[in-house]
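**Student:** I would like to see how this sequence folds:
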Amino acid sequence: MLLAGLLLSVGLPGGWAAAESTDEPEDTQSTIQYQAGLSYHDYLERYKDAENGSESLRVTAQQLVRYSGDVTVRENLFGREGLSVETGESSTAEFRFSVAASGLYTLTVAYYPLEGKSSSIVRSFRLDGELPYEEVREVDFPRRWKDAGEITQDRNGNDIRPSQEEAPAWMTKSLTDGMGYYTEPLQFYLAAGEHTLSFEAVKEPMAIGELLFAPAESTPSYAQVQQSYAQQGLTDTTGYFRKLQGEAAAYKS
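**Tutor:** Below you'll find the model as predicted:
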C-alpha cells in the first residue's frame, strides 16, 4: 500500500503532443530506461542472414508525427531550405516512415548544434518504440569549433594556444559506436512497411534537418578495392607531398 501511494504521488510523465498541434507542448521527464539491453554484437547475430537494404530513404520534418517537450518546427533554419525540427534538452521527437524492401540500413543525421552549454549533444534512439541495442542509448553529436585568434608565442618562443570559439554549421553524422569497438556505421534491420524513429534528448539542444537511411554495405576485400581502382584508371601516387601542421586545423570538434 505504501508503494502504491508513492507511485500515485509521483505521477506519470506528460503525454505526447500531436505534431500538427498548435498548443504549447508540455515538458516531460526523461523516459530513458537504464536497464541493460541487447548488445550490438547480439543484434548483428540475430540478423546475420538478412540482406542489405536496396535503396536509400530520406525522412524529413514533414514526417514528424509526435513530440513532447521543447520541440519547434522551423522553416529555412540557419541557411537550410525547407523545414527543420528544433529539439531542446527536454524533448522527444518521433518520425514515421515507410520502407519498401526489408534489409539492413545505416542511419545518417543532418543536424545543427543549437546554442547550449558548449558540451557535446547526446540523443537516445528508439526504433518502433524500442531500444534496438545498447550502442544507440546515448549517441554523441559533436559541436564545431575554431581558433578565436592567431597562434602567438611567449617570450621563450613557445606557441600559445588561442582561445576557442564555436563555429556552428549544418553537419552530418552517421550513427557509430561511441566506444569505438565497431568502426563501421551501425546497422538497423528494417522490415518492409511502416516504422517510427524517435530522438530523446539526453543533453544539449540540436536541430534536425533530415534523416537518411542508406543500404548497409559489406566491407570489400583488398583485392576487390584494387580491382575497382584499376577499373577507374587510378594509379599509384608519385611526386606528391604536402605537410600540414597539426595545430593549424580549420575546424575541430
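**Student:** What is the end-to-end distance of stretch 78-87?
**Tutor:** End-to-end distance for stretch 78-87: 15 Å, by C-alpha to C-alpha, to the nearest Å.
**Student:** residues contacting residue 145?
**Tutor:** By C-beta atoms under 8 Å, 6 or more residues apart in numbering, the contact list for residue 145 reads 164-167, 251-253. Backbone N, C-alpha and C define where each C-beta goes, glycine included.
**Student:** host element of residue 118?
**Tutor:** Assignment of secondary structure by DSSP states H and E places residue 118 within no helix or strand.
**Student:** Who are the contact partners of residue 59?
**Tutor:** Residue 59 neighbours (C-beta under 8 Å, 6+ apart): 95, 97, 197, 210-213.
**Student:** Looking at the contacts of residue 145, which has the smallest pLDDT value?
**Tutor:** Across the set of those, residue 253 stands lowest in pLDDT, at 87.
**Student:** Give me the nearest residue to that residue, chain neighbours excluded.
**Tutor:** Closest residue to residue 253 apart from its sequence neighbours, by C-beta to C-beta, 6 or more residues apart in numbering: residue 142 at 3.9 Å.
**Student:** that older thread, ok, the contacts of residue 59 vs residue 228, which is closest?
**Tutor:** Using C-beta to C-beta, residue 212 comes nearest to residue 228 of those, at 23.5 Å.
**Student:** Could you check how many residues crowd around the closest one?
**Tutor:** 16 (other C-beta atoms under 10 Å).
**Student:** If it is in a bridge, with which residues?
**Tutor:** In this entry, residue 212 is beta-bridged to residue 58, residue 108, by DSSP bridges.
**Student:** for it, what are its contacts?
**Tutor:** 56-59, 107-110.
**Student:** what about the helices in the stretch 151-253 of the chain?
**Tutor:** For the stretch 151-253 of the chain, the helices defined by DSSP state H, counting those that start in this stretch occupy 222-231.
**Student:** if we can go back for a sec, my guess is the residue nearest to residue 253 contacts residue 118, does it?
**Tutor:** No - if you go by C-beta atoms under 8 Å, residue 142 and residue 118 don't touch, sitting 11.5 Å apart.
**Student:** Tell me the confidence at the residue nearest to residue 253?
**Tutor:** Residue 142 is given a pLDDT of 95.
**Student:** same question, the one 10 residues further on
**Tutor:** As summarised for this prediction, residue 152 has a pLDDT of 93.
**Student:** how many other residues sit next to the closest residue to it other than its chain neighbours?
**Tutor:** Leaving aside its chain neighbours, residue 152 sits nearest to residue 160 (4.9 Å; criterion: C-beta to C-beta, 6+ apart). Residues near residue 160, counting by other C-beta under 10 Å, number 11.
**Student:** No further queries at this time; thank you.
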